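Enquirer: I would like the atomic coordinates for the input below:
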Amino acid sequence: MTDPGDAPAGNATRSHARGMPRQRHSSGSAISGSATSGHASSRSAPSRTGSRARPKAGAGRRALPVGRGRRILRTAAISLSVLVLATAGVGWWFYEHLNGNLHSVPLTDGSGDSAGKEKADAFGRTPINLLVVGSDGRTNASDCKLGGGCSQTGVQSGSNADVEMVMHISADRSNATVMSIPRDTVTTVPACKDTETGVSTNGYTGMVNSALQYGPACQVATVHRLTGIPIDHFVKLDFSGVVKMSDAVGGVSACVDKDVYDTYSHLKLAEGTHTLKGVAALEFVRSRHGFGDGSDLGRTYSQHLFLSSMIRKFKSAGTLTDPTAVYRLADAATKALTVDTGLGSIRKLMGLAADVDKVPAKRITFTTMQTAPDPGDSNRLVPAATAQSLFATIANDQSLTNSSGDKTAAASATAKAPATASASAVPAAQIAVTVENGTTVTGRASAVATALLDKGFSSGTTTGNAAGTTSTTTLTYGSGHKAEAQTAAKALGLPSSHLKQNDATGTGLTLVIGTDWTSGTAYPAPAPADTKTATANAHAETADQSKTCAKVSPYKTVSLDGVAMTPTQAYRAATGTKDSAP
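Expert: Numbering: from 1, shown residues only. Got it, this is the predicted structure:
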């Protein structure tokens, strides 16, 4: 392979900008143990004529004797110390108590498939993809009572993932997408083994929600295989968890556009807005016969409304400023959740919550994976062709909304650098790059090297040929040259996932151009998100839409006393059944 014109231009020289010294700030205050300056004489000295001096202006009562005043100050200091220690002890107990509540499991143990790996953007930031699962397990007496179905089987050992949502938080934390996967979707479940129960499978084709029977890692691997979206974390919530969480936040507001009675989930609500707590909240998120067409698709839509309302409540003023309310919420959440080991501490969960809180409600989009009837079973679903566009949009960290919250056909989460980009302040003139052509296109190294020189990089930048053809462009840097590599990557639009460190000392920057970059002088960015295609038939709504009501099913999806009827007809007929919420 030859690349005419890519001859070396000289040895590279580099210099390093010195970092600014770090300043130390003090935010604390000290209490002095000395009280000498605070003890003036308690009485004025008597005059030579025997009369007492007039008290100082503002003195309203007699001062304490010196000895007694010192005793009181000493007692106050001891009391204050005890209070500080007690408060610190309560804080530490609270932290350890919450950590003890959490149950964590490995993200990939027991599964032959990986969960994928996130791609960093040009500034080194990575998105977060979290798989949220609502389990239908009746694994304890509480869940049996709430979910029913245990009268003959008793407490069960396995569970299915009746609610599955992939929550994507963009690399720059400016937007998020929550995509529901209907439980009736048929897909390939890989070979898995639950490391806690020992239950295993050699793999099969079946409903996506059944993978949870073989452990959380199997559910993660199944969703990753179905969508191609990397999964970083996993959170599971059971029946009693929904009840505890809704109670802890003081209830969640939800609206229904008509009277509804789902005789299966037992949700019974009059038309209008209600505050759902405890069992009522569980009945609402479990209802699949009350909304939409009576299928699992309708249930995903109502769940989105419920979660949107909960997000708005979290973000509203005062919700998280009441210490008692925060304790109830934290205690309920940690008791209710099973998480992956990457989230297995309060500190990590708080970090995740902070990332979610950065995203405005108008830029949190709820969608449902597009589906089509399974050709082999009309009661099952398969991903529609358009679902691939939605999957790619999430995997490529592309937003479904613009800064105003409106849908856009070309909104990319990685299009704008943050004010505190991680790129170095090293001047380009002090950075030399060895550019090598790893493609079959003649002159690629020269073209990119010329672009770097035009951007002010060092004249020590050189060109040459790589050892062979390579598929991926990489920028390798020696120990101590990471900051320079970040600056060069930013100039070329090269994502930080293409940067690799060479531990050999004394080596600089080497850019090997791969077949993924065969033209142009800026690394090709992913195609902008086509939200019209990505959200077609995906029922996309943003979390700020507070006036949206759940659509009650107009079909005869429920049965009362053996008679099929609509949920609204059932509501009016069931006069003796109490409503779930006032």
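
Enquirer: The stretch 201-350 of the chain: strands as residue ranges?
Expert: Secondary structure of the stretch 201-350 of the chain (DSSP state E, counting those that start in this stretch): strands located at 204-207, 233-237, 252-256, 260-261, 268-269, 272-276, 337-340.

Enquirer: Now do the buried residues in the last one.
Expert: Of the residues in strand 337-340, those buried by neighbour count under the rule 16 or more other CB atoms under 10 Å are L337, T338, V339, D340. The C-beta positions use only the backbone N, C-alpha and C, and glycine is treated the same way.

Enquirer: Take these and lay them out in CSV including distance to P373 and pLDDT.
Expert: What follows is the buried residues of strand 337-340, written out as CSV (distance: CB to CB, whole Å; pLDDT from 0 to 100):
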residue, distance to P373, pLDDT
L337, 34, 83
T338, 33, 85
V339, 35, 88
D340, 34, 90
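
Enquirer: Now do the SS call for P373.
Expert: Per DSSP: H, G, I helix; E, B strand; the rest coil, the local secondary structure of P373 is strand.

Enquirer: tell me the angle whatever helix or strand G134 lives in makes with strand 233-237.
Expert: Assigned by DSSP states H and E, G134 belongs to strand 128-135. Taking axes from the mean of the first three to the mean of the last three CA atoms, to 10 degrees, strand 128-135 and strand 233-237 form an angle of 20 degrees between their directions.

Enquirer: what helices or strands is strand 128-135 leaning on?
Expert: On a contact count with 3 or more CB pairs under 8 Å, 6 or more residues apart in numbering; DSSP states H and E, strand 128-135 meets strand 161-169, helix 216-227, strand 233-237, helix 346-357.

Enquirer: what's the burial count for G351?
Expert: 13 (other CB atoms under 10 Å).

Enquirer: S180 now?
Expert: So S180, with other CB under 10 Å, has 24 neighbours.

Enquirer: tell me the contacts of the closest residue to it other than its chain neighbours?
Expert: Spatial nearest neighbour of S180, excluding adjacent residues (CB to CB, 6 or more residues apart in numbering): T300 at 3.9 Å. Listed by CB atoms under 8 Å, 6 or more residues apart in numbering, the contact set of T300 reads S180, P182, T368, H539.

Enquirer: ok so, going back, the strand holding G134 pairs with which strands?
Expert: Note on strand 128-135: by DSSP bridges, its sheet partners are strand 161-169 (antiparallel), strand 233-237 (parallel).

Enquirer: contact partners of the shortest one?
Expert: So that's strand 233-237. So strand 233-237 is contacted by 105, 107, 128-135, 161, 212, 216-217, 219-220, 245, 336-340, 342-343, 352 (CB under 8 Å, 6+ apart).

Enquirer: Give me the buried subset of these.
Expert: Buried members of the contacts of strand 233-237, scored by 16+ other CB under 10 Å, are 105, 107, 128-135, 161, 212, 216-217, 219-220, 245, 336-340, 343, 352.

Enquirer: Return the set of buried residues in stretch 197-211.
Expert: Buried-residue list, stretch 197-211, by 16+ other CB under 10 Å: V199, T201, G206, M207, V208, N209, S210, A211.

Enquirer: K258 touches V552, doesn't it?
Expert: Yes: using CB atoms under 8 Å, K258 is in contact with V552, at 4.1 Å.

Enquirer: Compare the two and say which is more crowded by neighbours.
Expert: Between K258 and V552, counted using other CB under 10 Å, the more crowded position is V552 (25 against 19).

Enquirer: wait, that one sits on F291?
Expert: Yes: if you go by CB under 8 Å, V552 and F291 touch, sitting 6.2 Å apart.

Enquirer: Give the residues shared as contacts by those two.
Expert: Taking CB under 8 Å, 6+ apart as the contact rule, the neighbours common to V552 and F291 are V260.

Enquirer: I'd like to know which elements the strand or helix carrying T568 is packed against.
Expert: Here T568, judged by DSSP H and E, is contained in helix 567-573. In terms of contacts (3+ CB pairs under 8 Å, 6+ apart), helix 567-573 is packed against strand 260-261, strand 558-560.

Enquirer: Buried residues in it, which are they?
Expert: In terms of neighbour count (16+ other CB under 10 Å), helix 567-573 has its buried residues at P567, T568, Q569, A570, Y571.

Enquirer: Check stretch 385-397 too.
Expert: Quick answer for stretch 385-397 (16+ other CB under 10 Å): T386, A387, S389, L390, F391, A392, T393, I394, A395, N396, D397.

Enquirer: Tell me which of those fall in helices.
Expert: Judged by DSSP state H, the subset of the buried residues of stretch 385-397 located in helices is A387, S389, L390, F391, A392, T393, I394, A395.

Enquirer: Let me have these in CSV, adding distance to G251 and pLDDT as columns.
Expert: As requested, those are exported to CSV (distance: CB to CB, whole Å; pLDDT from 0 to 100):
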residue, distance to G251, pLDDT
A387, 34, 93
S389, 37, 91
L390, 32, 94
F391, 35, 94
A392, 38, 91
T393, 34, 92
I394, 31, 94
A395, 36, 92
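
Enquirer: I'd like those residues laid out as JSON lines, including distance to T450.
Expert: Listed next are these as JSON lines, based on distance: CB to CB, whole Å:
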{"residue": "A387", "distance to T450": "43"}
{"residue": "S389", "distance to T450": "37"}
{"residue": "L390", "distance to T450": "40"}
{"residue": "F391", "distance to T450": "38"}
{"residue": "A392", "distance to T450": "33"}
{"residue": "T393", "distance to T450": "35"}
{"residue": "I394", "distance to T450": "37"}
{"residue": "A395", "distance to T450": "34"}
